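K.L.:
Sequence first, predicted model second:
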Amino acid sequence: MSDFTVGDVIAERTVHLTRESLVRYAGASGDFNPIHYRDDVAVSVGLPGVLAHGMLTMGLASSVVLAALPADVRLIDYGVRFTKPVLVDPQDGADVHVLAKVGAADETSARIDLTVKAAETTVLVKAQLRVAL
């Protein structure tokens, strides 16, 4: 995909998270904050339950886009603002839906705008990747 047209959908995918996903991410990242795997601790600090790591949500969103792009496209910038946490139910888990569209493009780069939702709630805003073509 070398032609990027504003408005084109680059990628769309729903990623299912489970409590096991969170424990695996904790091990990989070294972030063992118990709000990411223990309901009692999460509730004791005023949260509705166990939350996915923000950086896990951010990483999943970018991976959806990068997996859809050709290998010669380079990521040059990525930023998001976290707005709502992803609550991960002990039995049902959580689905994170990522929609990536071209927001701007020229001959050398493109900006990919992401819509990232969990349970119909936007969890990341101003989520944008810039790629060099």
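P.N.:
Done, it's in.
K.L.:
contact partners of stretch 82-99?
P.N.:
The contact list for stretch 82-99 (Cβ atoms under 8 Å, 6 or more residues apart in numbering) reads 9, 11-19, 21-22, 39, 47-52, 54, 57-58, 60-61, 64-65, 114-119, 121-125. Every C-beta, even on glycine, is put in place using the N, C-alpha and C of the backbone.
K.L.:
Next up, the contacts around the most far-flung residue of the chain relative to its centre.
P.N.:
The centre of the chain is farthest from one residue, E107, which by Cα atoms, centre = their mean lies 27.0 Å away. Contacts for E107 (Cβ under 8 Å, 6+ apart) come out as L133.
K.L.:
Quick check: pLDDT value at it.
P.N.:
We note a pLDDT of 93 for E107 in this prediction.
K.L.:
host element of it?
P.N.:
Of the helices and strands defined by DSSP states H and E, none includes E107.
K.L.:
That one and G27: what is the separation?
P.N.:
43 Å (Cβ to Cβ, to the nearest Å).
K.L.:
ranges for the strands of the chain?
P.N.:
For the chain, applying DSSP state E gives strands covering 9-17, 74-82, 94-105, 109-118, 121-132.
K.L.:
show me where pLDDT drops low in the chain?
P.N.:
For the chain, the stretches flagged by pLDDT under 70 are 1-2.
K.L.:
the longest helix in it is where?
P.N.:
helix 54-68 (DSSP state H).
K.L.:
what distance separates that one from the middle of the whole chain?
P.N.:
Distance, stretch centre to chain centre, for helix 54-68: 4 Å (Cα atoms, centre = their mean, to the nearest Å).
K.L.:
what is the orientation angle of that helix with strand 94-105?
P.N.:
Orientation check (axes from the mean of the first three to the mean of the last three Cα atoms, to 10 degrees): helix 54-68 against strand 94-105 gives 60 degrees.
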